[in-house]
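Student: This is the structure alone, sequence omitted:
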């Protein structure tokens with residue numbers, strides 16, 4: 001038994017190790033920065049120069065968006081290898097966070113040169129950060145596989161708490177005040193996330209240290225107490241080679257269907273944002289405007305209040321040992337509460353409301369914060385489905401979400417005066433997309449950690465993100481044809497494409513369930 005890992009499970013928060021919630025908050029601020037910037041990128045690029053943007057064509061902006069999001073998921077292949085062989089997971093996370101902070105700072109300059117420098121830094125930094133956060137969790141739970149799905153769902157809740165706050169606050173400030181301040185705010189919280197992780201990293205014991213350091217500690221401990229369990233830390237697993245090959249083949253199948261999911265899902269930052277900007281009724285007056293102000297305030301305060309309570313629970317367990325990291329984390333929440341208070345006061349001082357186009361992006365994160373605990377309980381209950389069935393169900397839900405957009409946009413005709421449709425269609429789409437995401441994204445992370453040999457974890461998470469990169473680039477490429485497809489057919493026809501393909505893919509992988517279960521050799 002690995003006593004270092006068992007010690008992590010002594011101090012628990014909501015039934016999981018306190019260390020999981022250190023990762024929760026680190027990832028939360030990283031996702032705050034990523035999604036906050038992403039929410040602004042396309043809108044900033046297509047906004048006219050007179051209004052502070054770059055005045056790009058939609059196809060050009062969406063193409064760059066696809067290339068950037070592809071790069072974000074391509075670089076983890078190398079980041080995982082660097083961590084596995086050289087840096088260790090912890091220093092890879094810290095260095096990646098620092099590089100991303102510099103990237104956000106460059107974005108705030110708002111010149112074409114610094115735009116490309118900033119995006120380049122964000123892609124490189126993310127490559128070091130992203131796969132190694134999930135690798136730390138995998139190592140924490142390697143002797144507690146029954147709790148992995150639940151752990152990754154909680155971690156995913158942190159991901160989306162950051163996305164929720166980042167899209168809402170960076171998007172709001174960028175659209176209503178200054179693009180530079182919106183981009184800059186993303187960088188501030190990336191830096192805070194890095195500091196919090198750095199000063200609290202010892203909570204993970206030996207997990208995430210460099211391979212050289214782990215070897216030194218192992219030799220010293222074996223020599224000191226003769227604990228034979230430690231002798232086996234770096235030995236090859238005893239799993240037969242044919243089972244390893246089968247499981248890796250199963251991971252490959254999951255990765256292929258992941259491409260279909262993200263190619264559709266990532267329309268959120270591109271074509272769906274444009275749909276919100278140009279085709280959705282966002283000007284609210286009178287009773288509807290007042291009602292929205294109260295709903296928006298509640299949607300901001302309640303999730304932030306829940307996350308603050310989780311922070312309090314973490315403080316109770318870790319403040320005595322990791323005061324600096326906790327103080328930094330508390331400062332970040334004081335700043336966030338201050339910005340939220342300013343936003344609410346500013347909104348209530350206006351008579352009418354124009355809902356920001358970026359606002360709809362928070363719905364995905366809001367629904368995840370709300371639904372993740374329910375899905376986590378589902379995955380731990382007797383009604384839990386196999387991985388392939390979860391994938392199939394998730395793709396089906398994703399397709400149905402686009403079905404709402406296709407149905408709602410049927411009255412929009414290219415070349416005629418722009419018709420604005422109800423916000424209901426976007427809200428319904430995000431709800432179904434979110435439920436689909438909860439069936440696929442956190443579950444994918446969990447299954448890779450279960451199916452892949454421990455020594456390949458970092459690399460295989462990188463490979464998984466490579467397939468997500470393909471999906472993201474495909475999302476940008478197909479999205480860039482939105483105007484051409486709209487003119488040839490309709491905007492409804494454009495979204496119909498994303499209705500049919502995910503549903504067909506979902507039915508195929510669900511049909512592969514018997515084969516996949518054989519390939520996984522008992523992994524559930």
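Tutor: Done, it's in. From a predicted model like this one, the values you see are computed outputs, not experimental measurements.

Student: Tell me how many other residues crowd residue 355.
Tutor: Neighbouring residues of residue 355 were enumerated by other C-beta atoms under 10 Å; the total is 17. In short, each C-beta sits where N, CA and C put it, glycine included.

Student: Once you drop chain neighbours, what's closest to it?
Tutor: The spatially closest residue to residue 355, leaving aside those adjacent along the chain, is residue 282, at 4.1 Å (C-beta to C-beta, 6 or more residues apart in numbering).

Student: can you check residue 49 too?
Tutor: The shortest distance from residue 49 to any residue that is not its chain neighbour, by C-beta to C-beta, 6+ apart, is 4.5 Å, and that residue is residue 55.

Student: Against residue 169, how distant is that neighbour?
Tutor: 26 Å (C-beta to C-beta, to the nearest Å).

Student: Residue 464 now?
Tutor: Counting by C-beta to C-beta, the gap from residue 464 to residue 169 is 30 Å.

Student: and if you look at residue 379?
Tutor: Look at residue 379 and residue 169: by C-beta to C-beta, they are 31 Å apart.

Student: quick one, which of the two is more surrounded?
Tutor: Under the criterion of other C-beta under 10 Å, the comparison of residue 379 against residue 169 puts residue 169 first, with 25 against 21.

Student: Next, count neighbours for the residue nearest to that one when sequence neighbours are not counted.
Tutor: Leaving aside its chain neighbours, residue 169 sits nearest to residue 339 (5.6 Å; criterion: C-beta to C-beta, 6+ apart). For residue 339, the tally of surrounding residues (other C-beta under 10 Å) stands at 17.

Student: you'd agree residue 339 is up against residue 168?
Tutor: No. Taking C-beta atoms under 8 Å as the definition, residue 339 is not a contact partner of residue 168, at 9.6 Å.

Student: Tell me which residues touch residue 506, please.
Tutor: The contact partners of residue 506, by C-beta atoms under 8 Å, 6 or more residues apart in numbering, come to 391, 392, 393, 394, 395, 396, 398, 399.

Student: still on that earlier bit, for the residue nearest to residue 169, phi and psi?
Tutor: Phi and psi for residue 339, reported as degrees, to the nearest 10, are phi -60, psi -40.

Student: Okay, buried residues for the host helix or strand of residue 151 please.
Tutor: Counting by DSSP states H and E, the secondary-structure element that holds residue 151 is helix 148-176. Counting neighbours by 16 or more other C-beta atoms under 10 Å, one finds that the buried residues in helix 148-176 are 148-175.

Student: Next, count neighbours for residue 422.
Tutor: Other residues close to residue 422 by other C-beta under 10 Å number 11.

Student: residues contacting it?
Tutor: Contacts of residue 422 (C-beta under 8 Å, 6+ apart): 280, 281, 408.

Student: which among the residues you listed end up buried?
Tutor: Under a neighbour-count criterion of 16+ other C-beta under 10 Å, the subset of these counted as buried comprises 280, 408.

Student: can you list the contacts of residue 422 in a markdown table and add distance to residue 420?
Tutor: Converted to a markdown table, these look like this (distance: C-beta to C-beta, whole Å):
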| residue | distance to residue 420 |
| --- | --- |
| 280 | 6 |
| 281 | 4 |
| 408 | 11 |
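
Student: And residue 278, how close does it get to residue 46?
Tutor: Distance of residue 278 to residue 46, given as C-beta to C-beta: 10 Å.

Student: Compare neighbour counts for those two and give me the winner.
Tutor: The residue with the greater number of neighbours, taking residue 278 and residue 46 and applying other C-beta under 10 Å, is residue 46; the counts read 20 against 13.

Student: Could you pull up the contacting residues of residue 217?
Tutor: When contacts are counted by C-beta under 8 Å, 6+ apart, residue 217 touches 206, 209.

Student: In what element of secondary structure is it found?
Tutor: For residue 217, the secondary-structure element it belongs to, assigned by DSSP H and E, is helix 211-225.

Student: Pull the number of nearby residues for the nearest residue to residue 110 once chain neighbours are set aside.
Tutor: Leaving aside its chain neighbours, residue 110 sits nearest to residue 180 (5.6 Å; criterion: C-beta to C-beta, 6+ apart). The criterion is other C-beta under 10 Å. On that basis, residue 180 has 16 neighbouring residues.

Student: before we move on, what about residue 22?
Tutor: Close neighbours of residue 22, defined as other C-beta under 10 Å, add up to 24.

Student: Also residue 198?
Tutor: Other residues close to residue 198 by other C-beta under 10 Å number 18.

Student: how about the closest residue to it other than its chain neighbours, what does it touch?
Tutor: Leaving aside its chain neighbours, residue 198 sits nearest to residue 94 (5.5 Å; criterion: C-beta to C-beta, 6+ apart). Remark: with contacts taken as C-beta under 8 Å, 6+ apart, residue 94 is in contact with 194, 197, 198, 201.

Student: Next, residue 94: secondary structure please.
Tutor: helix (DSSP: H, G, I helix; E, B strand; the rest coil).

Student: any idea how far it lies from residue 199?
Tutor: Counting by C-beta to C-beta, the gap between residue 94 and residue 199 amounts to 11 Å.

Student: Same question for residue 216.
Tutor: The spacing between residue 216 and residue 199, counted by C-beta to C-beta, is 23 Å.

Student: who's more crowded, those two?
Tutor: More neighbours sit around residue 199 than around the other of residue 216 and residue 199, counting by other C-beta under 10 Å; the figures are 16 against 12.

Student: hang on, isn't that one packed against residue 321?
Tutor: No. In this structure, residue 199 is not within contact of residue 321 by C-beta under 8 Å, at 10.7 Å.

Student: how close does the residue nearest to residue 49 sit to residue 476?
Tutor: When distances are taken as C-beta to C-beta, residue 55 and residue 476 turn out to be 19 Å apart.

Student: and if you look at residue 330?
Tutor: Spatial separation of residue 330 from residue 476 under the definition C-beta to C-beta is 38 Å.

Student: If you count surrounding residues, which of these two has more?
Tutor: Neighbours were tallied for residue 330 and for residue 476 using other C-beta under 10 Å; the higher tally belongs to residue 476 (27 against 16).

Student: can you tell me which helix in this structure is longest?
Tutor: helix 286-318 (DSSP state H).

Student: I'd like to know which of the contacts of residue 422 are part of helices.
Tutor: Secondary structure from DSSP H places residue 408 of the contacts of residue 422 in helices.

Student: What count of nearby residues applies to residue 334?
Tutor: Burial of residue 334, expressed as a neighbour count using other C-beta under 10 Å, amounts to 8.

Student: Ok, residue 308 next?
Tutor: When neighbours are defined as other C-beta under 10 Å, residue 308 has 14 of them.

Student: Can you give me the distance of residue 346 to residue 48?
Tutor: Between residue 346 and residue 48 the distance, using C-beta to C-beta, works out to 24 Å.

Student: cool, residue 407 as well?
Tutor: Distance, residue 407 to residue 48, by C-beta to C-beta: 32 Å.

Student: Which one of the two is surrounded by more residues?
Tutor: A direct count of neighbours by other C-beta under 10 Å for residue 407 and residue 48 places residue 407 higher, at 14 against 10.
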